[in-house]
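A.B. asks: Pasting a predicted model and its sequence here:
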Amino acid sequence: MSNLEVILRILLANLVVLVLPIILVVAGILLVIKARKSGPSASTLRCLGISFVALPLGVIVYTIAGIVAARIRGDGHFYGEPFGGYNVSSNAADLKSVLLWVGLLFLVLASLLRTRE
């Protein structure tokens, strides 16, 4: 693998891990703010904005929960919370856990940002 390929892979990884979540959060916040102004598509924009924010933050919460669970148990290994346990080689368990955390975060954000009429 050439040096250029290595550099491009590093840049792509940084884009996916750092820049894309920030763009999603900013776009989600802007959509929620735009949805505050009443209009025919306000609820759709609000839900889409909350989804954009919940997706990267849900993955971060899943990661933090796995680290805290491992620390509480006294292990140095990541613990897939609530599904998966120490066996994080199972993609289905990881996906279920991430979807659960994203869904919970969506519900919390939706209840905090609900429109008050």
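C.D. replies: Nice, thanks for sending it over. None of the values given here were measured: they were computed from a predicted structure.
A.B. asks: drop to CA atoms for contacts and neighbour counts, all remaining ones
C.D. replies: OK.
A.B. asks: Run through who's touching the helix or strand that contains Leu105.
C.D. replies: Element membership for Leu105 (DSSP states H and E) is helix 91-112. The contact list for helix 91-112 (CA atoms under 8 Å, 6 or more residues apart in numbering) reads 47, 50-51, 54-55, 57-59, 61-62, 80-84, 88.
A.B. asks: again, but for stretch 50-59
C.D. replies: 21, 24-29, 32, 98-99, 101-103, 105-106, 109-110.
A.B. asks: are any of those buried, and which?
C.D. replies: Among these, those classed as buried by 16 or more other CA atoms under 10 Å are 21, 24-25, 27-29, 32, 98-99, 101-103, 105-106, 109-110.
A.B. asks: now Ala35, nearest residue through space, not along the chain?
C.D. replies: Ala42 (4.4 Å; CA to CA, 6 or more residues apart in numbering).
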